[in-house]
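J.: I would like to see how this sequence folds:
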Amino acid sequence: MSPSDRKIFSSNPGRATSMSESSRVPVADSRRNRAEAIGLAIAVAVSGALFAGVGLFTLEYRGTGHGISGNGNPGLLFVIPAVPAYAFLMVYACRISYRIRLHWRASILAISGLTLLILACAYGEYEKSHSLLRRLGGGPGDPDSVIYRFGWLNQYTNTLFFNVYTYLAGLSLAALIGNVVNRLRP
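T.: Residues are numbered from 1 along each chain as shown. As a prediction, the model looks like this:
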C-alpha cells in the first residue's frame, strides 16, 4: 500500500495509520470497533441487570385473603436508574446500527427480522399485561381492582413496563431505526 493510501485511512491526516495488509481495516477503526463492542456489552449488562432487579423486586399478588403489600414499591429502586441506562443503551445501539453498512439484501433481511421481533415482543407484552391485569382484577381506575388508585407504576405492575419484551422491542427498534436511516443516506 502506498503512503498516500495510508493517509486516507488515517484519523490524523499528518500521520499514517498502520494497517494489516490482509484485513485492509485500519488499526484505528479496529480499536474503535473493539471499544464500541465492549461499551455495548457493558451497557447491555448494566441495563439488563437493572431490568432483572425490577423483576426481582416487583411483588406478585397472592390472591384474595392475603391482603396487599404495605412495603411500598421496592422495584422503584431499580426503575429509576434503569430508565437512563436503557435510554443510553438504545441510543448506543442505534448509533452502532447506523454505522454498519450492510449490503442491500442483508439490510432487507435485518429490517424484516427486526420488524418481526418487534411484533413478537408486542404480542408477548400484550399477553403479559392482559394476564396480569386479569389477576389483579383490573387497572388502577377499576374499584374492584387490587391496584385501585395506586397508579400504573406500583409494586405489582413494574414488570408491565420493565420486562424482556420491552427490553428486546426497544433494542430492536433502535437497531431498526439505525439500519433504515443508514439505508436512506446517499
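J.: hey, which helix or strand in the chain has the poorest pLDDT?
T.: helix 3-9 (a mean of 47; mean pLDDT, DSSP states H and E).
J.: next SSE downstream of that one?
T.: As assigned by DSSP states H and E, the chain's next helix or strand after helix 3-9 is helix 27-57.
J.: got the contact list for the next helix or strand along the chain from that next one?
T.: Following helix 27-57 in sequence order, the next helix or strand is helix 76-99 (DSSP H and E). With contact meaning Cβ atoms under 8 Å, 6 or more residues apart in numbering, helix 76-99 is reached by 36, 39-40, 43-44, 46-47, 50-51, 53-54, 56-57, 153, 158, 161-162, 167, 170-171, 173-179, 181-182. From N, CA and C alone the C-beta is placed, and that goes for glycine too.
J.: could you give the angle of helix 76-99 to helix 27-57?
T.: Angle of helix 76-99 versus helix 27-57, following axes from the mean of the first three to the mean of the last three Cα atoms, to 10 degrees, is 150 degrees.
J.: tell me which other helices or strands the helix or strand that helix 76-99 is followed by touches.
T.: The helix or strand immediately downstream of helix 76-99 is helix 104-136, counting by DSSP H and E. Contacts defined by 3 or more Cβ pairs under 8 Å, 6 or more residues apart in numbering; DSSP states H and E place helix 104-136 against helix 158-161, helix 164-184.
J.: figure out which of these is closest to Leu114.
T.: Among the helices and strands packed on helix 104-136, the nearest to Leu114 by Cβ to Cβ is helix 164-184 (4.3 Å).
J.: give the buried residues for that closest one.
T.: Residues 164-179 are the ones in helix 164-184 that count as buried (16 or more other Cβ atoms under 10 Å).
J.: Pro143: what secondary structure?
T.: In three-state terms, and counting by DSSP: H, G, I helix; E, B strand; the rest coil, Pro143 is coil.
J.: got phi/psi on it?
T.: phi -60, psi -20 (degrees, to the nearest 10).
J.: residues in contact with it?
T.: No contacts exist for Pro143 under Cβ under 8 Å, 6+ apart.
J.: surely Ile111 touches Val180?
T.: Yes. Ile111 is within contact range of Val180, at 6.6 Å (criterion: Cβ atoms under 8 Å).
J.: ok, Arg149 - how many residues close by?
T.: Using other Cβ atoms under 10 Å, Arg149 is surrounded by 10 other residues.
J.: just the buried residues of helix 164-184 now: which is nearest Ala106?
T.: Asn179 (9.7 Å).
J.: how close does that closest one get to His103?
T.: 12 Å (Cβ to Cβ, to the nearest Å).
J.: likewise for Ala122?
T.: 28 Å.
J.: more neighbours, these two?
T.: Neighbours per residue (other Cβ under 10 Å) separate Ala122 from His103, with Ala122 holding more: 13 against 8.
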